[in-house]
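Asker: My questions are about this predicted structure, shown below with the sequence.
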Amino acid sequence: ITAPEEQKEEVKPPTVIQEEAAEEKKGFFGKLKEKIVTKKISPEKFEELFWELEVVMLENNVAVVVIDRIKTELKHRLVDKPLQRGQIEKIIQQSLKESIEQVLKVPTIDVVAAIKKKSEKPYIIVFFGVNGAGKTTTLARLAYLLKSKGLRCVLGAADTFRAAAKEQLLEWGKRLDLKVISHDYGSDPAAVCWDSIEYGKKTESDVVLIDTAGRQHSNVNLVEQMKKIVRVAKPDLKIFVAESITGNDAVEQAEQFHASIGIDGIILTKADVDDKGGAMISVSYVTGKPILYIGVGQNVEDLEPFSAEKVLKTLGL
Ligand code: GDP
């Protein structure tokens with residue numbers, strides 16, 4: 001298919017200008033802007049332009065399904081539309097912003113309010129995720145935050161797979177002055193959950209936060225163990241923890257954990273060292289579950305509520 005208007009304008013300079021990447025940080029859209037300056041969009045031109053966009057998004061860890069959705073929306077808005085000369089860049093930016101806003105629009109959960117609302121205490125939160133994602137640290141941070149809101153917390157060390165995991169949680173318990181329920185290394189994690197919840201009931205605690213072993217989601221036995229934990233603990237909230245810096249890996253893990261145990265919310269850690277933002281955009285979209293908080297550093301206070309506006313700003317949109 002040829003676009004007749006385009007042929008008329010053949011004498012004009014090239015429509016795609018690529019500039020050298022400047023040294024300073026430009027954010028996601030800054031990088032795109034360098035690549036796209038055009039004034040006329042036929043379906044062919046759109047494919048060509050979108051390819052540039054797609055590369056930048058892939059480089060920034062945006063999941064392929066999300067890219068496809070953005071592509072469909074942008075195509076609908078841009079192709080064969082009477083677009084004003086000189087407006088294309090603004091239109092693309094606005095369309096991208098709106099598409100990403102839509103992608104990020106997943107109903108969220110106010111964790112503090114949900115805990116307060118539950119009539120039959122305690123509220124049970126179980127944390128899942130692969131090793132090193134920041135699960136234990138995140139659990140401790142959330143406990144710290146909840147404690148600061150006047151909620152009484154109990155911690156459960158149901159990662160009985162690694163001896164160090166129990167020690168790490170006991171250490172946090174000491175620091176935060178919170179009771180940690182733990183069993184021996186190698187014991188049944190579901191039994192730890194049970195005891196933690198029983199202790200929570202007995203002491204009229206508001207919330208029980210349970211750490212689980214962070215094994216690879218592909219290990220069948222361990223998936224069965226996670227399912228057993230869920231059956232026994234009957235969590236009010238299953239939080240999946242992943243590192244935002246791992247990008248598409250985080251997205252894939254989120255999908256797989258969601259498929260095996262059905263997560264309710266996500267916490268992305270290490271946002272302080274993530275300059276790409278692709279995982280932020282993609283994990284909610286692929287699971288349909290909200291990002292509740294993000295980890296933004298090494299300290300106990302470094303847990304922030306997730307903000308879509310902030311993500312868009314980081315992306316330069
Ligand atoms: P787990 O194996 O999933 O329980 O992971 P840990 O809680 O032990 O965390 C692994 C490492 O990541 C630790 O060194 C943490 O200090 C670090 N970490 C956790 N969250 C963050 C974060 O938001 N930012 C940064 N920079 N480091 C983090």
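Answerer: Yes, it's here.

Asker: Double-check that I267 belongs to a strand.
Answerer: Yes - I267 forms part of a strand when assessed by DSSP: H, G, I helix; E, B strand; the rest coil.

Asker: didn't it look like it was pressed against V296?
Answerer: No - contact status for I267 versus V296: not in contact, 11.1 Å apart, counting by Cβ atoms under 8 Å. Heads up, the C-betas are built off the backbone N, CA and C, glycines and all.

Asker: Now the common contact residues for these two.
Answerer: Residues within reach of I267 and of V296 at once, by Cβ atoms under 8 Å, 6 or more residues apart in numbering, are L303.

Asker: Closest residue of this protein to the ligand?
Answerer: Distance from the ligand to each residue of the chain (Cβ to the nearest ligand atom) is smallest for G295, at 2.6 Å.

Asker: what sits against that residue?
Answerer: By Cβ under 8 Å, 6+ apart, the residues touching G295 are G134, T137, T138, R141, I267, L268, T269, K270, A271, D272, D302, L303.

Asker: My reading is that Y293 lies in a strand. Confirm?
Answerer: Yes - counting by three-state DSSP, Y293 falls inside a strand.

Asker: who does it bridge with?
Answerer: When assigned by DSSP bridges, Y293 has beta-bridge partners I267, P305.

Asker: can you count the residues close to it?
Answerer: Counted with other Cβ atoms under 10 Å, the neighbours of Y293 add up to 24.

Asker: Would you check that it makes contact with E304?
Answerer: Yes - between Y293 and E304 there is a contact at 6.3 Å, judged by Cβ under 8 Å.

Asker: Which positions in this structure make contact with the ligand?
Answerer: 129, 131-137, 214, 269-270, 272-273, 295-298, 302 (Cβ under 6 Å from any ligand atom).

Asker: Buried subset of those residues as a PyMOL selection?
Answerer: Remark: buried members of the residues of the chain next to the ligand, expressed as a PyMOL selection using 16 or more other Cβ atoms under 10 Å:
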select buried, resi 129+133+134+135+136+137+214+269+270+295+296+302
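
Asker: which ones among the residues of the chain next to the ligand are found in helices?
Answerer: In this view, those that belong to helices under DSSP state H are K135, T136, T137.

Asker: Specify which member of those is nearest to S182.
Answerer: Minimum distance to S182 across these is 12.4 Å, recorded for T136 (Cβ to Cβ).
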